[in-house]
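Asks: Have a look at this prediction, sequence included:
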Amino acid sequence: MNGYEDDLSERDGFLFQHLIAMFQTLALQQMGKLMNPLTGAVERDLHQARITIDMLEMISTRTAGNLSDTESRILDNVLMELRMNFVDESSRPEPKDGDGAEEATTADEPPAEGEETESTDAGGDADGEEDATGRT
């Protein structure tokens, strides 16, 4: 390989590892292991977590034989960690409201006394129309 091809290969390796890390973080959020940075709450959706893990398993299957030893090891380790966490979370009962779990403050809640009623967050639309995320 020449220098340009080496740079592309190194870049692709970095991007692949970053992709795996993104799916890993998403699955951990969906299992309620990490806080959702968009809502500020710990949320649990095991159905979505299972889908995310399945996507990583599909990537593993579809890329078999095309990954470096390091990439393959990272993907295998992430899948093993996520599967173990999923089994652990599946054995726990669904959390009830008020069990000490963090709750997100959403735009649907009425403003506290003295707060403005118009949205002031980035991307919010004070006239009640939906923005790009579908929120009002």
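Replies: Okay, I see it.
Asks: element containing the spatially closest residue to K33 that is not a sequence neighbour, please.
Replies: Excluding the flanking residues, the one nearest K33 by CB to CB, 6 or more residues apart in numbering is N85, at 6.2 Å. In this view, the C-beta of every residue, glycine as well, is placed from N, C-alpha and C. When elements are defined using DSSP states H and E, N85 is found to belong to helix 69-90.
Asks: Just the CA trace of that helix, in CSV.
Replies: Coordinates of the C-alpha atoms in helix 69-90 are reproduced here as CSV (Å, rounded to 0.1, in the frame of the first residue of the first chain):
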residue,chain,number,x,y,z
ASP,A,69,-7.8,-8.5,14.6
THR,A,70,-8.2,-5.4,16.7
GLU,A,71,-11.5,-4.4,15.1
SER,A,72,-12.9,-8.0,15.4
ARG,A,73,-11.8,-8.1,19.1
ILE,A,74,-13.4,-4.8,19.9
LEU,A,75,-16.7,-5.8,18.2
ASP,A,76,-16.7,-9.2,20.0
ASN,A,77,-16.0,-7.5,23.4
VAL,A,78,-18.7,-4.9,22.9
LEU,A,79,-21.3,-7.6,21.9
MET,A,80,-20.4,-9.7,24.9
GLU,A,81,-20.7,-6.7,27.3
LEU,A,82,-24.0,-5.7,25.8
ARG,A,83,-25.4,-9.2,25.9
MET,A,84,-24.5,-9.6,29.6
ASN,A,85,-26.0,-6.2,30.5
PHE,A,86,-29.1,-7.0,28.5
VAL,A,87,-29.6,-10.3,30.3
ASP,A,88,-29.1,-8.5,33.6
GLU,A,89,-31.6,-5.8,32.8
SER,A,90,-34.1,-8.3,31.4
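Asks: Check what contacts that helix and list those residues.
Replies: 13, 16-17, 20-21, 23-24, 27-28, 31-33, 44, 46, 49-50, 52-53, 56-57, 59-60, 63, 67 (CB atoms under 8 Å, 6 or more residues apart in numbering).
Asks: Now the buried members of these.
Replies: 16, 20, 23-24, 27-28, 31-33, 44, 49-50, 52-53, 56, 59-60, 67 (16 or more other CB atoms under 10 Å).
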